[in-house]
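Enquirer: Take a look and give me a structure for this.
(chains A, B, C and D, ligands or ions: 4)
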Amino acid sequence: MKNLILSKERFEHFISLLAKKHNVMGPVHKGYDNFSFQPIKTAAEMTLKYVPTIIPPKKYFMPQYESFLEYDKTWGENMKAVVESEALVLFGVHTCDIAGIKALNIVFSDRPRDYNYLSRKKDVTIMGLECNEYCDEFASCAMMNNHLPDGGYDLFFTDLGDFFFVEVSTLKGDVIVEEIPVFEEALGRHFKELQGLRARKAKTFTNEVGIEYQHVPKILSDTKESLIWNELGDKCLACGNCTNVCPTCYCFNIWDEVNLDLKTGKRVRMWDSCQNEGYAKVAGGESFREERSARQKHRFFKKFKYMVDRYARFFCTGCGRCSRTCMAQINLKETLKKLKEEYAR
Amino acid sequence: MKIQLKDSLYTLVRGKVLRTRQLTELEKLFEIALPEGQSLDHEPGQFVQVSIFGVGEAPISICSSPTKRDSFELAIRKVGRLTRALHELEPGDEVGIRGPYGKGFPVTLMEGNDIMIVGGGIGIVPLRSLINYIIDNRRDFGKVDILLGCKTPKDMLFGDEVETWQKRVDVNFSCTVDRADPDWKGNIGLITSLIPGVNLDPNRTFAAVVGPPVMYKYVIQELRKKQIPDRQILVSLERHMKCGLGKCGHCQIEHFYCCQDGPVFSFDQIKDLEGAI
Amino acid sequence: MSPKPKVAFFDFACCEGCQLQVANMGEELLDILGAIDVVEFREVMSEKWDQNYDVAVVEGSITDNHAVERIKKIRERSKVLIAYGSCATIGGVNGMKNNFPLEEIRKSVYGESAKFFDTIPTHAVGQVVKVDYFVTGCPVYPPEFVKVLKCALMGINYEVPDYAVCVECKLNENVCMYERGLTCLGPVTRAGCNSWCINNGNICYGCRGMVSNPNIKGAQDVIARYNIDMDLVQNKMNMYNKCRELNKK
Amino acid sequence: MTNRNVQINVEYLTRVEGHGNIVVNVKEGKLEKCQLDIVESPRFFEGMIRGRSIFEAQHITCRICGICSCGHTLASIQAAEDAIGFTPSEQTIRLRRFLLHMENLDSHLLHIYLLVAPDLLGVPSFVPLIASHNKVVRRALRLKKTYNNVCDILVGRHIHPISSIVGGFTKLPRPKDMDAMLDLLKGSRPDIEATIELAKTLKFPDFTRDTEYVGLVSNDNIYPMLMGDIGTTDGVRMDKYGYKKITNEFVVPHSSAKHTRLSRESYAVGALARLNLNYNKLHPKAKEVGDALNFKPKVTNPYLNTVAQLIECVHSLEESIELMEEMKKTGLNYDEEITVGLNENNVIPVKAGSGVGAVEVPRGILFHHYEVDDAGIIQSANCIIPTNQNVNNIEYDMKKLVPEILDKTDEEITLALEMLVRAYDPCISCSAHFLNVQFVNR
Ligand SMILES: Cc1cc2nc3c(=O)[nH]c(=O)nc-3n(C[C@H](O)[C@H](O)[C@H](O)COP(=O)(O)OP(=O)(O)OC[C@H]3O[C@@H](n4cnc5c(N)ncnc54)[C@H](O)[C@@H]3O)c2cc1C
Ligand code: SF4
Ligand code: SF4
Ligand code: SF4
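Expert: Ligands and ions are numbered 1, 2, ... in the order given. Predicted structure coming up:
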């Protein structure tokens, strides 16, 4: 493990050099306190103190829309399995989003492996960025224990006033810090400042919901019949925003698109959402989650129970996006709190 | 940059339609061979993803027994876009095939035990694969009971084949319809009504149940009355599926993916799951 | 395919923007014309066709008795009928007429001469004859039109997405109008336009029709938070979707 | 010959829906009847817009017509802003002028290539031209697509523009968007030049009738499209609020379209009228083209409206390039981006009032007029469409034309009449369709 520092004066220089050699994506302000990962060339284009982006960086791993098979009427010879991929550097990824990427990695590297995802994953370099403070009241990263760096990145940056503390976590990261000579060795006082920040964070980042996350699966199973689910169902518009913005949601739909010659075409996939009508409908008209309340319940259970049972990992990172985006004001933290109250009764 | 992948989960192999046969107004049987006499090598209860260029892809159960090696059969009900297009296919036409996928019936576990088969309506499709497998390996299994049910006699799929099962000395066969026509000589009523009459030793009986969603609950109740242990009750579930590979999320039932962990489950696995049955 | 399918374009009460949308496809139009034989297209062609059509592409709403007769005749002569544009698929803006008593609105525009005008409540084409394909939108989104045309030529069905515009809007990473303090009909409107209006900084007006199972009550609750007169909200929902009410009967 | 009987009844394909009618009746060489009926299938826009927010007006009224939906949008916005007392910024006005140019280009080219050219080349539509004049067809489609793409960048789409609303724009072009628009516009110059060359080879019928030409006029040096007073070649001038005096709408028994007249029996609007009024304000390059095409105002041959349109295309192209280049240089103020739906944020305050919009759209001057209450709710509306203003003039043209060509065959007379009507580029959507001609009882 190697630790470096990058002085603030050199930061702009670092980003410019980085952007000369690589395709760099960073958080860009879109107005109205909304942010988005976008291609950048200079540090000035980015906003480093940002609320989680509208769509998490998962869009670089599983694009909203991708074609994965090109084929035609002759079947055999002209069929090509394809993947669109480009080498990228993601700068400024928050710890919650890194946790999201880690969750997706598990899904797509679980056998059988999805090489469209995996070959893109190989092409992405991740540079994390620590949150020194909460982004807003929707976040529950402390509850999910994702407010501190915990692997899953190549480099990790912590802003300590005059300088960034940089943790080099992989060889890939090391190659970059070697090729851009703007870093200095981290000394004892730098480590001390880092520890100071972590100590301050330990005081401010406290469990937002008041439930140990290990207990959530049990709370959910015991409140399966709760009326809270119906309340959510009455409010929810089934717009699917909560799942599309979630860093760990990965459902997709597949269909064919033909060209006008009606002889050649491709097979594509696009993000799908368990909140959408028709998502769980089968031939014969039966839908396994016809009620919006059942779909909301499915969403919570998937985040906090099903995936825990399957992969021993929570599929909520605490980023708060789902609550932030919901126009019906369905709030994840509030819902968990209410469920807990009901459970305690 | 577009890269061509050497191996992808989604690559199709070419299947050639050898023969087709109209089973009922809505269902049609397709016999399909893979290139160069390749065998599909499936387990009874597994499914394949069938594609038509430009139209799409759908999961379809393999309804022939693995003992038939040079080709396999699919029975397809015309319900929508792809299935309608499939019905237009003629011998010689080609389709794309991926699979076989999923967990089928655990035939090695079932060997040496008594078998009870309960099929409702289109549920006979995956069961036919199992039945024919058992018949082809008849001496590896104990007593075999087959119970079938459907709406009316003319909805009975594979009628002539069912007749041959009925005539065999080594299986006990019974059948019921909801509504009879004048020629019908069998039972009338729900399939659950046939179960109490079966004589069985619960500890050495495996029951394989496939049918429309509403059927499971009642059939399983009857089987449990017969003391068959939950892990020996096998069901095949249908869910919306897109990838068949445990990725697209549609078929999730709690922590299971129906496509990978199923479609065949033991009742034991799923009895506590929300919305499984 | 054997001979190229004979395709005809027709219009009823509408702005004809949808046929223009087709004409605006540029040289891609020639690719389309390579795949089909256009035998009638009033806006740009004088040619006429007296046999049956393989595909009739119909634009506009049915607003008078004459139109009812005419669309019925077109239906009889066509193997496949595509309704395109909101006027044809859901009644569209023409449906706003149904907000007023027919007599009253006729007088308000034409005064004394109102009696010359035969008019009936606005109907979507599908409310008068059977429609095989729907391309909603005001105007139609050309990629979707092409998609549907291809489906029609291949003889497979096309289903208008039954999920909300929000889905596409989020995928396009737009700042949600609700976060900007504005109301938007995206959550109850069928997707398929690639969230065209929101991408361009405007709100969704619901031109593609409502999803099959909209949470109207929920949507009203959401909008009510913005302190707007309920009539205005109702008006907004009815801008394109008034003809829905005719289905309830 | 002189004692000839002619009865022409132009039946449109859309006749069944009651769009329009040409009726000519010549008895023993004497013109007894000559009228153009517009029996448009009514859609009641002015009626159904009542009770809606003024901020929805342009969204709804642009659906009157798909071809000139940008024009309707801008006229509607002008009327709405006028009614609630909002003054748009300089930047907004420039962008609106630019948008109007795009529509002018798109619409004129559609008319020249797809509707007029087949007549002049002797084919029933542009479809046979795909085989015989493939290059020309491709050029036409390419040109249309170019200006459409510019609209896509600027306002989301050409038909029913998205981002142009009361108060300004919901989305302003970024520098890279401006570059893209400029590239498109400049890239289209060779195709426009080729179009001019084509026009030089076309022969138009020789027919003239002097009439009063009406359009926007102004005191500055800008060729007036978006703003100005109403002026005529007979010397009338008044501000836009006088539009009702100008249009003098009156109902004739044979037509649902309200007819209009001013100083004489009829007047004309459109590209020809604009050139006759404001020729010297055209961009120099457009004037050059005018000279090359031998266009010398005042031109009184209505068939030459097509030529006028082409000259205007050059003007619109060159002026829009200049406008965009200026804006690129000065940069835009992105703080002006706004969105008003139901005025949730009170971004723009409303008050009771009455407002008029007068805008030159491709087919001539278009008026929108709204009365709103203090909550910004529309109480009444009036829209006067260019084609309606031209109907009366077309009738008088026909009355002069028919006796002059009585020696021709039925087909020739019909074609001459059809071409005459087409030359006015009657708004295909708001008005009649002239495609199929039938002689009745000749
Ligand atoms: C494991 C499994 C085995 C199956 N075996 C058979 C079989 O042996 N024979 C047979 O006829 N059918 C079988 N089905 C059902 C078959 O997959 C669907 O009928 C088919 O996907 C419908 O496709 P379509 O394009 O014709 O219908 P669409 O036009 O796409 O839709 C028609 C209806 O089918 C539903 N549907 C769409 N896709 C699926 C899907 N993947 N799974 C279920 N429902 C869907 C839609 O929600 C809609 O209600 C099986 C399904 C599963 C999951
Ligand atoms: S974002 Fe809110 S309204 Fe939309 S589907 Fe999710 S919970 Fe429902
Ligand atoms: S469930 Fe909500 S808070 Fe949790 S990771 Fe997804 S979007 Fe973030
Ligand atoms: S802007 Fe409209 S369409 Fe987009 S997410 Fe928000 S509500 Fe949905």
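Enquirer: Show the residue spans covered by the strands in chain D.
Expert: D:6-11, D:20-27, D:30-38, D:164-165, D:168-169, D:212-217, D:229-232, D:237-238, D:267-268, D:353-361, D:364-372, D:378-384, D:438-439 (DSSP state E).
Enquirer: Specify the angle between the third one and strand D:20-27 in degrees.
Expert: Here strand D:30-38 runs at 170 degrees with respect to strand D:20-27, directions being taken by axes from the mean of the first three to the mean of the last three CA atoms, to 10 degrees.
Enquirer: What is the neighbour count of the closest residue to ligand 1 within chain D?
Expert: Nearest residue of chain D to ligand 1 (CB to the nearest ligand atom) works out as residue D:157 at 30.8 Å. Any C-beta I mention is one placed from the backbone N, CA and C, and that applies to glycine too. Neighbours of residue D:157 under the rule other CB atoms under 10 Å in any protein chain shown: 23.
Enquirer: From ligand 3, how far out is residue C:186?
Expert: 19 Å (CB to the nearest ligand atom, to the nearest Å).
Enquirer: next one: residue A:2
Expert: 31 Å.
Enquirer: Do I have it right that residue D:167 meets residue D:86?
Expert: Yes - applying CB atoms under 8 Å as the test, residue D:167 and residue D:86 come out as touching, 6.4 Å apart.
Enquirer: And those two? Which one has more around it.
Expert: A direct count of neighbours by other CB under 10 Å for residue D:167 and residue D:86 places residue D:167 higher, at 22 against 18.
Enquirer: Do you know the pLDDT at the more buried one?
Expert: Residue-level confidence at residue D:167 comes out at 91, pLDDT.
Enquirer: show me what contacts it?
Expert: D:81, D:86, D:88, D:92, D:338, D:340, D:347, D:348 (CB atoms under 8 Å, 6 or more residues apart in numbering or on different chains).
Enquirer: Now do the strands in the stretch 101-250 of chain A.
Expert: A:124-129, A:155-159, A:163-168, A:184-185 (DSSP state E, counting those that start in this stretch).
Enquirer: thinking again about what came up before, output the contacts of residue D:167 in JSON lines; the columns should cover pLDDT.
Expert: Listed next are these as JSON lines, based on pLDDT from 0 to 100:
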{"residue": "D:81", "pLDDT": "95"}
{"residue": "D:86", "pLDDT": "93"}
{"residue": "D:88", "pLDDT": "95"}
{"residue": "D:92", "pLDDT": "96"}
{"residue": "D:338", "pLDDT": "86"}
{"residue": "D:340", "pLDDT": "71"}
{"residue": "D:347", "pLDDT": "76"}
{"residue": "D:348", "pLDDT": "86"}
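Enquirer: before we move on, the earlier item: winner for burial among the strands of chain D?
Expert: Across those, averaging neighbours per residue (mean count of other CB atoms under 10 Å in any protein chain shown) puts strand D:267-268 on top, at a mean of 28.
Enquirer: Against which helices or strands is that one packed?
Expert: For strand D:267-268, the elements it packs on are strand D:212-217, helix D:386-404, judged by 3 or more CB pairs under 8 Å, 6 or more residues apart in numbering or on different chains; DSSP states H and E.
Enquirer: Tell me the predicted confidence for the residue in the stretch 151-277 of chain B that ligand 2 sits nearest to.
Expert: Of all residues in the stretch 151-277 of chain B, the one sitting closest to ligand 2 is residue B:249 (15.3 Å; CB to the nearest ligand atom). Residue B:249 carries a pLDDT value of 88.
Enquirer: which residue sits closest to it, ignoring its sequence neighbours?
Expert: Of all residues not flanking residue B:249 in the chain, residue A:251 sits nearest, at 3.3 Å (CB to CB, 6 or more residues apart in numbering or on different chains).
Enquirer: What's the separation between residue D:382 and residue D:224?
Expert: 22 Å (CB to CB, to the nearest Å).
Enquirer: Also residue D:291?
Expert: From residue D:291 to residue D:224 the distance is 22 Å (CB to CB).
Enquirer: Neighbour count for the two, which is higher?
Expert: Remark: of residue D:291 and residue D:224, residue D:224 carries more neighbours, 23 against 11, as counted by other CB under 10 Å.
Enquirer: The residue in chain D that chain B sits nearest to: neighbouring residues, count only.
Expert: Closest contact between chain D and chain B, by CB to the nearest CB, is at residue D:176 (22.4 Å). Neighbours of residue D:176 under the rule other CB under 10 Å: 9.
Enquirer: do the same with the one 5 residues further on
Expert: Summarising burial for residue D:181: neighbours were counted as other CB under 10 Å, giving 24.
Enquirer: Mind pulling up the pLDDT for it?
Expert: Looking at residue D:181, its pLDDT is 97.
Enquirer: Hmm, residue D:187 and it touching each other?
Expert: No - in this structure residue D:181 lies outside contact range of residue D:187 using CB under 8 Å: 10.6 Å.
Enquirer: Could you chop the chain up by domain?
Expert: No chain was given, so I picked chain A. Following automatic domain parsing, one finds the domains of chain A at A:2-62+A:84-204, A:213-252+A:270-344.
Enquirer: was after chain C, sorry
Expert: According to automatic domain parsing, the ranges for chain C are C:6-154, C:165-242.
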